[in-house]
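Undergrad: sequence first, predicted model second:
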Amino acid sequence: MTFPYLPVTRKEVEQRCWDSLDVILFSGDAYIDHPAFGAAVIARIIESQGLKIAVVPQPNWQDDLRDFKKLGKPNLFFAVTSGNMDSMVNHYTANKRLRNDDAYTPGNKHGARPDYAVVVYSNILKTVFPEVPVLIGGIESSLRRLTHYDYWSDRLKPSILVDSKADMLIYGMAEKPLIMLLQKLKRGIPFSRINDLPQSVILSKSVPVETYVMLPSFETCVKDKKAFALSFKTIEENSNKQSPDVLIQPHGNNYVIVQPPVSVTTKELDSYYDLPYTRVPHPKYQNKLPIPAYEMICHSVTIHRGCFGGCSFCSLAIHQGKFIVSRSLESIEKEVRDVTEMSDFKGYITDLGAPSANMYNMQGKEMELCRKCKRPSCIYPAICSNLETNPQPLINLYQRISRMKNVKKVTIGSGIRYDIHVRQWDKNRNHKEYLKELIVHHVSGRLKVAPEHIDDDVLSLMRKPSFSLFKEFAQFFDSVNRQYKLKEQLIPYFISNHPGSTLQSMMNLASELKQLNIKPEQVQDYTPTPMTLASVMYYSHINPYTLKPVYVSQSMDERKLQKDIFFWYLPEKRKMISKKVVSLQKLQLNKKMK
């Protein structure tokens, strides 16, 4: 008897006639067997190695802990992830207000996972089964692998290994190092003796390597904000190198040891997406309300991983890496065929996406130069002359998928870096051809792009290009709409309260938007997420790369006002905004005079 999905209950384990499990995976998300969900990928990777794996989605941590006990002890280890999102970002708004929804839970229902989910799950497992190793991973663990600023408690926290009591962390995209770990365990090497696994983090009483970079200790960072800022600069520069060093950071009498990541080939990436996913939620959810995150991506396909944009508020590069790894056309086509065979498919591929959807097949022309580089961004402040940005492979991909049987339309739901093309369309006509292909054939009515701000000083701290490039792109977008008699909308995204953003810069932004007749419907209020340059500037008020002071809006009154300024066009907001701006500016002036 074959089973298309992995077990989540004791009964399903018994149906497979399994006496024991090798790995039990706990996740903060509902279990959706789709390659866009990290827990599903990890579970299928473990299965592909001939091991018996079960998934426990959204375990109850507030009762007698039966969800943590029901499957017993695994032969190898417990695996823990908070899910596709950081649990704190999932739970709270930028103003630290509790959200009332959770897109990764049936019915969008809030409350199915705890705050700091990885720490809570791991501590429970270490209490109930102290002798069993715990492996943690996913975005929440990855971005907390070293000393980091935690916005929600407003303090520096140590490596998540300290609070979680886990035995090992695999950061970033974990498939390859996980396979390497499983191979070692199958050879009989005890979990406790594995201290050199690429892309892993352990807590050790000693330093097991000869060559490494020593970071300021956790205790030093807590005492000295400048030391913390410089420590992050070292971490970020190291993560942007093609051959990073081992990083070590003392925590009390222990050392947090971060092994450098391992690179993945196109063939390996294809193999991860070629695993036997059902592409649907586990049958246990059949009679429950829909899961919004699944509804949004069920007919989408990921085409590459990595991002060389280097935006200071974004964690993508430090999690997925700066270097792009693209899937083959054949692998993407195969997955699209799987999508077209789904019972609910109506002919529309909703995304051929990635962190930035238009970086497919873009990489260094001479990789030897890339090996010497530690720039955080390949396109800011200028596009690297060694970066191959020809979008022809992407044009070919869009057209090839659009011609496939049963595909009516392919739309691009992920964001694009329009500045790559605007800056170079005079040098290579393919850049305009790509944008035209995108606008005419692959927009579902609204194209979302992210200029983020208009103030050059703020944009510099964001590592984003001049707003003038957005205006050039907007003119091109309008001209294509006129030429092809389209009625598409360009939806620009902006951020309030980013480090460097003052009330005056926000007023200037509102004035510019008014002149352009842009009326934002949704805006992003900056949230300091762990292990990003912007969060380090938010906490320390220092730019680690220049050591110059950075203005930060930290009072909730100012944070709310900066966000409200976006809605200058609403009559009920105008008078209130003007009054509050004057009041806050007077308050800030008085503080300076004192």
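TA: The structure has been received and is ready for your questions. Since the model is a prediction, treat every value here as computed from it, not as a measurement.

Undergrad: how about the strands in the stretch 401-550 of the chain?
TA: Along the stretch 401-550 of the chain, the stretches classed as strands by DSSP state E, counting those that start in this stretch are 409-410, 446-452, 489-496, 524-525.

Undergrad: for the ones you listed, which one sits closest to Phe476?
TA: Proximity to Phe476 (Cβ to Cβ) singles out strand 489-496 among those, at 10.0 Å. (C-beta placed from N, C-alpha, C; glycine too.)

Undergrad: the closest one - what's its average pLDDT?
TA: Taken as a whole, strand 489-496 has an average pLDDT of 93.

Undergrad: need the residues that contact it.
TA: Here strand 489-496 makes contact (Cβ atoms under 8 Å, 6 or more residues apart in numbering) with 313, 415, 445-453, 462, 470, 474, 477-478, 501, 506, 509, 518, 520-526, 559, 562-563, 565-566.

Undergrad: and stretch 67-74, by the same measure?
TA: 9-10, 13, 20-24, 26, 54, 56, 59-61, 121, 124-125, 128-129, 132.

Undergrad: which of those are buried? Put it as a PyMOL command.
TA: Buried residues within the contacts of stretch 67-74, by 16 or more other Cβ atoms under 10 Å, are selected in PyMOL with:
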select buried, resi 13+21+22+23+24+26+54+56+59+61+121+124+125+129+132
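
Undergrad: so which of the contacts of stretch 67-74 are in strands?
TA: Applying DSSP state E to the contacts of stretch 67-74, the entries found in strands are Val23, Ile24, Phe26, Ala54, Val56.

Undergrad: residues touching the last one, list them.
TA: I take that to be Val56. With Cβ under 8 Å, 6+ apart, Val56 has these contacts: Val8, Ile24, Leu25, Phe26, Ser27, Asp67, Phe68, Lys70, Leu71.

Undergrad: now the third one
TA: The contact partners of Phe26, by Cβ under 8 Å, 6+ apart, come to Val56, Pro59, Phe68, Phe78, Ala79, Val80, Thr81, Tyr121, Leu125.

Undergrad: go on, the first one?
TA: Val23 makes contact with Ile46, Leu51, Lys52, Ile53, Ala54, Pro74, Asn75, Leu76, Phe77, Phe78, Ala79, according to Cβ under 8 Å, 6+ apart.

Undergrad: now, which of those residues lie within strands?
TA: Ile53, Ala54, Phe77, Phe78, Ala79.

Undergrad: greatest separation within the residues you listed: which pair is it?
TA: Maximum distance among those (Cβ to Cβ): 12.9 Å, for Ala54 and Phe77.

Undergrad: from Ser505, how far out is the residue lying closest to Ser501 once chain neighbours are set aside?
TA: Once flanking residues are discounted, Ser501 sits nearest to Val458: 5.0 Å by Cβ to Cβ, 6 or more residues apart in numbering. Distance of Val458 to Ser505, given as Cβ to Cβ, to the nearest Å: 6 Å.

Undergrad: and if you look at Cys307?
TA: 26 Å.

Undergrad: ok, Glu210 next?
TA: Distance from Glu210 to Ser505, counting by Cβ to Cβ: 48 Å.

Undergrad: now swap in Ser159 and tell me
TA: Counting by Cβ to Cβ, the gap from Ser159 to Ser505 is 35 Å.

Undergrad: please apply the same query to Ile32.
TA: Applying Cβ to Cβ to Ile32 and Ser505 gives a distance of 41 Å.

Undergrad: which of the two has more residues huddled nearby?
TA: Ranked by neighbour count (other Cβ atoms under 10 Å), Ile32 and Ser505 place Ile32 first, with 26 against 22.

Undergrad: surely the more buried one meets Pro292?
TA: No: with contact defined as Cβ atoms under 8 Å, Ile32 and Pro292 do not form a contacting pair (11.3 Å).

Undergrad: ok, back up a step: mark which of the contacts of Val23 are buried, thanks.
TA: Ile46, Leu51, Lys52, Ile53, Ala54, Pro74, Leu76, Phe77, Phe78, Ala79.

Undergrad: circling back: turn the strands of the stretch 401-550 of the chain into JSON lines, including mean neighbour count and distance to His421.
TA: Formatted as JSON lines, those follow (neighbours: other Cβ atoms under 10 Å; distance: least, Cβ to Cβ, whole Å):
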{"stretch": "strand 409-410", "mean neighbour count": "18", "distance to His421": "19"}
{"stretch": "strand 446-452", "mean neighbour count": "19", "distance to His421": "11"}
{"stretch": "strand 489-496", "mean neighbour count": "18", "distance to His421": "14"}
{"stretch": "strand 524-525", "mean neighbour count": "17", "distance to His421": "23"}
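
Undergrad: circling back to that earlier point, relative to Tyr104, which of the ones in strands among the contacts of Val23 is nearest.
TA: Ala79 (17.5 Å).

Undergrad: beta partners for that closest one?
TA: Leu25, Leu135 (DSSP bridges).

Undergrad: ok, it - contacts?
TA: Ala79 touches Val23, Ile24, Leu25, Phe26, Ile42, Ile46, Val134, Leu135, Ile136, Gly137, counting by Cβ under 8 Å, 6+ apart.

Undergrad: for the residue nearest to Ser501, give its distance to Tyr526.
TA: 11 Å.

Undergrad: got it, and Val552?
TA: From Val552 to Tyr526 the distance is 10 Å (Cβ to Cβ).

Undergrad: find residues that contact each of these two.
TA: Common contacts of Val552 and Tyr526 (Cβ under 8 Å, 6+ apart): Pro499, Tyr538.

Undergrad: which one's more surrounded, the two?
TA: Neighbour count, other Cβ under 10 Å: between Val552 and Tyr526, Tyr526 has more, with 24 against 20.

Undergrad: my guess is the more buried one contacts Gly500, does it?
TA: No: using Cβ under 8 Å as the test, Tyr526 is too far from Gly500 to be in contact (10.4 Å).

Undergrad: could you pull up phi and psi at Gln259?
TA: Main-chain dihedrals, Gln259, degrees, to the nearest 10: phi -80, psi 150.

Undergrad: name the residue closest to the centre of the protein, please.
TA: Leu316 (4.8 Å; Cα atoms, centre = their mean).

Undergrad: what confidence value was assigned to that one?
TA: Reported pLDDT for Leu316: 86.

Undergrad: just Leu561 next, same as before
TA: Leu561 is assigned 87 on the pLDDT scale.

Undergrad: the helix or strand containing it vs strand 489-496, what angle?
TA: Using DSSP states H and E, Leu561 maps to helix 556-564. Interaxial angle, helix 556-564 versus strand 489-496 (axes from the mean of the first three to the mean of the last three Cα atoms, to 10 degrees): 160 degrees.

Undergrad: okay, buried residues for helix 556-564 please.
TA: Glu558, Arg559, Lys560, Leu561, Gln562, Lys563, Asp564.

Undergrad: list the buried ones in stretch 425-433?
TA: So, applying 16+ other Cβ under 10 Å, buried residues of stretch 425-433: Trp425, Asn430, His431, Lys432.

Undergrad: so where's this protein uncertain?
TA: 1, 582, 584-594 (pLDDT under 70).

Undergrad: okay, domains of it per the record?
TA: What automatic domain parsing lists as the domains of the chain is 10-258, 299-436, 445-465+482-594.

Undergrad: hey, C-alpha coordinates of stretch 39-52 in CSV?
TA: Written as CSV, here are the backbone C-alpha positions of stretch 39-52 (Å, rounded to 0.1, in the frame of the first residue of the first chain):
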residue,chain,number,x,y,z
ALA,A,39,8.6,22.0,6.4
ALA,A,40,7.3,20.0,3.5
VAL,A,41,10.7,20.3,1.6
ILE,A,42,12.6,19.2,4.7
ALA,A,43,10.3,16.3,5.4
ARG,A,44,10.5,15.1,1.8
ILE,A,45,14.3,15.4,1.9
ILE,A,46,14.5,13.2,4.9
GLU,A,47,12.1,10.7,3.3
SER,A,48,14.3,10.7,0.1
GLN,A,49,17.2,9.4,2.2
GLY,A,50,15.3,6.2,3.0
LEU,A,51,14.3,7.4,6.5
LYS,A,52,10.9,7.2,8.3
